[in-house]
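A.B. asks: quick one, fold the following:
(chains A, B, C and D)
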2 protein chains.
Amino acid sequence: MNKNKPTKKDLKFAILAVDAVLFMVRDEQLEVLLMPVNIQPHFSGVHGVPGGLIDSSETADEAAERHLLEKAGVKNMYMEQLYTFSDVERDPRGRVVSVAYIALISQEQAGKIANKKDVEWFPVKKLPELAYDHRKIIQTAIERLSIKLEYTNIVCNLLPDEFTLSELQNIYEIILNKEIDKRNFRKKILSLGMLKEVSGKKVGGANRPAQVYSFKSKKLTTLDIL
Amino acid sequence: MNKNKPTKKDLKFAILAVDAVLFMVRDEQLEVLLMPVNIQPHFSGVHGVPGGLIDSSETADEAAERHLLEKAGVKNMYMEQLYTFSDVERDPRGRVVSVAYIALISQEQAGKIANKKDVEWFPVKKLPELAYDHRKIIQTAIERLSIKLEYTNIVCNLLPDEFTLSELQNIYEIILNKEIDKRNFRKKILSLGMLKEVSGKKVGGANRPAQVYSFKSKKLTTLDIL
DNA sequence: GCAAAAGTGTTCATAATACACCCATGG
DNA sequence: CCATGGGTGTATTATGAACACTTTTGC
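C.D. replies: Presented below is the predicted three-dimensional model:
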C-alpha cells in the first residue's frame, strides 16, 4: 500500500484513536464514566469518554485497555468493540478516526477503582455537554448494550459475582427502561440454566433474605433461540 | 509500518484501510468477490477482498464505496460496517488497521457489473488461499450475515426487486445451511408483512408459474420479536 | 403487627413445529 | 401423461404474557 515515507503530503493516513464507553449500574441508573476535555480553543468545560491514541505496537483492543487503565484506573473488565467512527470533522483539530469500545463493570468493581482525579460517573439520562462525537458514541453504545442484554449473558459483567434475582432483574429494568413481571422473569432466567444457586442468603434489611446466585460462566454466550 | 522512519517524533498513527466483503448468492452457493493480491515478496498467487486506503477527506464508509467502485465496478449496493481489524502483524509490510465492511448485491446486479479484469467470484465453501487476515474477515462477515438474516430484512439486498417465495427461501437455506419447511416458511415470512404481491407470475419452465413478490421497503428493518 | 422485599402457579393466547397432498405448466 | 416446482391446512407443542397472594425478616 503506502510505500512512501510520511512526507506529509498526499500521504493517506489518519490519527487512530480509541474511545471506551465504560458502563456501570448504580442507584437505579445506568451510568457512564466521563472525564473533562479541555482542548483550547475547541473544548472547555465539557466531558468525554476515556480514550487516546493507538500505539504502533498495540492492537486497538490493547489500546482501549491501556487508556482505560491509565486514565480511569480500571482493568480486567469486559470489553468489546463497538463501532469505528470516521467522520472527517469529528475532531476539530484534524483527522482522527476512532475505534470505539463498550466496557462494563459492576458497581462493586467501580468502588475499588484507584480513584483517579477527574473521572466522574454520570447517569446516561443526565449527560453533561460532550466533546467530539461522544454523544453519538455513547448513544450507539447504549443501543448495543440494550440489544445484547436480550440475547446474551452480557449482563453478568454488570453484577458482582454473587447477586440476587431481584438485583439481576433490576439491571434489566434499568437498561431496558421497562418493568418486568417478577414471576415471568424468574421462570425465564432460571430456565436458561446459566445461573447456579450459591449457599447463603442475602440479608438486606427489614425484609425476607434472598437466595444468592452466580453465573455458571461469565464467558459471553449467545442464547440462540433460533 | 514506518516505525523505523519516525520523521514525526513520537507521532502515533497507522495506515488506515478499508476492506469490503461483497457477497452474492448464485448457483445454490454464497459467493464472495475476490481479486488477486500480488505484493512481493509477501504475497503472490493469492487473493483478497477489494479494499484500499482511506483518504484524508473521506469517511471509512465513503472509502469502502469508492474502492468497491474502482476495483470491482460495483456501486449502490447495501453496505454496513463489520469490524475493525487491528492486529499489529496483519499486514507484513507494516502497520495497517482495516475497517471491514459487508456489502451485498443480487445476482442480477452482479451480472451488470462492468467487468473489471481480475475480479472473480468464489463460493465461500471453496475459498482460495487468501492474503492478510482476509480469511478471518470473511469468516466474521459470514457470521454477521447469518445472524442478521434471522432478525432483519437484510436478505432483500441479495434478491432482485421481484422474486418468488422459493427464491427467497433458497437464499435462507443456502446461507443458514439448513433446510426449511416450505409451508412454515411461507406462513412466517408472509405474516411479517414485509412483502407485497406483484402482478404477474414467473414462468420458470416445466412447472407451475410462481407468484412474484417484492419487498415493501428495502430499508434495513429489525424485526423486534422481543 | 406492619412495612418491605422474597418467593411462588395457573390460565390464556400466540408462535413454532411437524407433516402430505393436489395444482399448473412444458415437454 | 409425467416430471417439475408451486401452493396449501391442521394438529400438536412450546413459549410468552397476564395476573395476586403468602412468606420471612427487621424494626
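
A.B. asks: look up phi and psi at A:A110.
C.D. replies: Note on A:A110: backbone dihedrals following degrees, to the nearest 10 are phi -60, psi -40.

A.B. asks: that one and A:D27 touch, don't they?
C.D. replies: No - with contact defined as Cβ atoms under 8 Å, A:A110 does not reach A:D27; the gap is 11.7 Å. C-beta coordinates here come from the backbone N, C-alpha and C atoms, glycine included.

A.B. asks: what about chain A, any weak spots by pLDDT?
C.D. replies: Within chain A, the segments meeting pLDDT under 70 span A:1-13, A:224-226.

A.B. asks: close to DNA strand D: what parts of chain A are there?
C.D. replies: For chain A, the contact set with DNA strand D under Cβ under 7 Å from any atom of the strand comprises A:D181, A:K182, A:R183, A:N184, A:K188, A:V203, A:G205, A:A206, A:N207, A:R208, A:P209, A:I225.

A.B. asks: looking at the residues you listed, point me to the pair that's furthest apart.
C.D. replies: Using Cβ to Cβ, the two most remote members of the residues of chain A next to DNA strand D are A:A206 and A:I225, lying 39.2 Å apart.

A.B. asks: more crowded one of these two?
C.D. replies: Per other Cβ atoms under 10 Å in any protein chain shown, whichever of A:A206 and A:I225 has more neighbours is A:I225, with 8 against 4.

A.B. asks: which of the residues of chain A next to DNA strand D are buried?
C.D. replies: Burial of the residues of chain A next to DNA strand D was assessed by neighbour count (16 or more other Cβ atoms under 10 Å in any protein chain shown); no member qualifies as buried.

A.B. asks: what is the nearest of those residues to A:M79?
C.D. replies: Distance to A:M79 across these (Cβ to Cβ) is lowest for A:I225, with 25.7 Å.

A.B. asks: and the closest residue in space to A:K216 that isn't next to it in sequence, what is it in contact with?
C.D. replies: Distance criterion Cβ to Cβ, 6 or more residues apart in numbering or on different chains; nearest residue to A:K216, sequence neighbours excluded, is A:K196 at 5.3 Å. Taking Cβ atoms under 8 Å, 6 or more residues apart in numbering or on different chains as the definition of contact, the neighbours of A:K196 are A:Y213, A:S214, A:F215, A:K216.

A.B. asks: quick one: buried residues of the host helix or strand of A:K196?
C.D. replies: Using DSSP states H and E, A:K196 sits in strand A:195-202. Judged by neighbour count using 16+ other Cβ under 10 Å, the buried positions of strand A:195-202 are A:L195.

A.B. asks: could you list the alpha-carbon positions for it in CSV?
C.D. replies: Taking C-alpha atoms only, strand A:195-202 is exported to CSV below (Å, rounded to 0.1, in the frame of the first residue of the first chain):
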residue,chain,number,x,y,z
LEU,A,195,-27.3,-19.5,37.0
LYS,A,196,-26.4,-21.6,40.0
GLU,A,197,-27.5,-21.1,43.5
VAL,A,198,-24.9,-20.1,46.0
SER,A,199,-25.2,-21.2,49.5
GLY,A,200,-26.2,-18.4,51.8
LYS,A,201,-28.8,-15.8,51.7
LYS,A,202,-28.5,-12.1,51.3
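
A.B. asks: can you tell me the strand partners of the following helix or strand past that strand and which way each runs?
C.D. replies: Scanning forward in sequence from strand A:195-202, with DSSP H and E defining helices and strands, the next element found is strand A:210-215. Counting by DSSP bridges, the strands paired with strand A:210-215 are strand A:163-164 (antiparallel), strand A:195-202 (antiparallel).

A.B. asks: do the lengthiest helix in chain A and DNA strand C meet at all?
C.D. replies: When secondary structure is assigned using DSSP state H, the longest helix within chain A turns out to be helix A:134-151. No - using Cβ under 7 Å from any atom of the strand as the criterion, no contacts between helix A:134-151 and DNA strand C are found, and the smallest distance is 13.9 Å.

A.B. asks: and the angle from that helix to helix B:134-151?
C.D. replies: Regarding helix A:134-151 and helix B:134-151, their directions subtend 70 degrees when assessed with axes from the mean of the first three to the mean of the last three Cα atoms, to 10 degrees.

A.B. asks: and helix A:134-151, what does it pack onto?
C.D. replies: Under the contact definition 3 or more Cβ pairs under 8 Å, 6 or more residues apart in numbering or on different chains; DSSP states H and E, helix A:134-151 sits against strand A:15-26, strand A:29-39, strand A:78-85, strand A:96-104, helix A:165-176.

A.B. asks: flag every residue of chain A that's near DNA strand C.
C.D. replies: Proximity of chain A to DNA strand C is confined to A:164-166, A:182-184, A:186-187, A:201, A:204, A:206-211 under the rule Cβ under 7 Å from any atom of the strand.

A.B. asks: quick one on the thing from earlier: now do the strand holding A:K196 and helix A:165-176, the angle between them.
C.D. replies: Compare the direction of strand A:195-202 with that of helix A:165-176 by the same axes, to 10 degrees and you get 110 degrees.

A.B. asks: give me the distance from strand A:195-202 to the chain's centre.
C.D. replies: On the basis of Cα atoms, centre = their mean, to the nearest Å, strand A:195-202 sits 27 Å off its chain's mean C-alpha point.
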